[in-house]
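>>> Starting from these lines, generate the structure:
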Amino acid sequence: MSQSLGFLETTGCTPAMVALDVMEKQTGVRVVQAEINDFLGIVIKIAGQIDQVHGALQAGFEVADRMGGRPVANAINRPSERAGGALISPAEFNPLIQQDVVHLPQYESLDKESSVAKQTPDALGFIETQGFTAVFEAIDTACKAADVQVVGKEKLGGGYVTVIVQGDVAAVNAAIDAGQQKVASLGNLIAAHVVTRPSPAVLALLPS
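I've put the predicted structure just below:
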């Protein structure tokens, strides 16, 4: 097991993914997995040297806090091998919501012929709402406004749903700007954000 395991838990998927992008780019930590807590939140688990992990958590916490993700961060130095079964979870699929609740990074998919692998996107755009109707309208508007492609959808419970698009920076910015304006009358906008030059860790955890 690594010298240190770090945990950053947020309300909402978007703050967690944006924080992960910052953590990997700034410190080079390794993402272990992401786990949904079934109550609006997700925890990103990272590993690395003690100084790396502590620095990453500080950077990730600040980003997630600015985005309203109500983050909680903690590092466990020299974690017990006996605790590993609770700290790191096996892959898990929830048939009720028809999606994985433990996400293992799929780095090998970046080397295969997939929509992400064919050309690493210049940018990823996230629209997260409370309510399906709102996000459906937002994403339809986004895709009509600019040349972007839907990557996937993530559900966190409590009506929280995130849709992710990819494309060049200008297109993704235009799409997200257009999409988020459609949410107000149909639901609650949780987050709308663009990540440029997304890190390998973020790409490896994208939902399908």
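
>>> Off-centre distance for the helix or strand residue 52 falls within?
Following DSSP states H and E, one finds residue 52 within helix 50-66. Relative to its chain's centre, helix 50-66 lies at 15 Å (C-alpha atoms, centre = their mean, to the nearest Å).

>>> Remind me what it packs against, helices and strands.
Helix 50-66 is packed against strand 4-11, helix 13-27, strand 41-48, strand 72-77, with contacts defined by 3 or more C-beta pairs under 8 Å, 6 or more residues apart in numbering; DSSP states H and E. C-beta here means a position set from N, CA and C on the backbone, and glycine is covered the same way.

>>> what's the closest of those to residue 56?
Closest approach to residue 56 among the helices and strands packed on helix 50-66 is made by helix 13-27 (3.9 Å; C-beta to C-beta).

>>> next structured bit after the closest one?
With elements assigned by DSSP H and E, the helix or strand that comes after helix 13-27 is strand 30-36.

>>> For residue 197, which of the helices and strands packed on helix 50-66 is the nearest?
Of those, nearest to residue 197 by C-beta to C-beta is helix 13-27, at 8.5 Å.

>>> re the thing from before, could you dump the helices and strands packed on helix 50-66 into JSON lines with mean pLDDT, mean neighbour count and distance to residue 178 added?
JSON lines is the format used below for these (pLDDT from 0 to 100; neighbours: other C-beta atoms under 10 Å; distance: least, C-beta to C-beta, whole Å):
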{"stretch": "strand 4-11", "mean pLDDT": "97", "mean neighbour count": "24", "distance to residue 178": "25"}
{"stretch": "helix 13-27", "mean pLDDT": "97", "mean neighbour count": "25", "distance to residue 178": "17"}
{"stretch": "strand 41-48", "mean pLDDT": "96", "mean neighbour count": "23", "distance to residue 178": "26"}
{"stretch": "strand 72-77", "mean pLDDT": "97", "mean neighbour count": "16", "distance to residue 178": "33"}
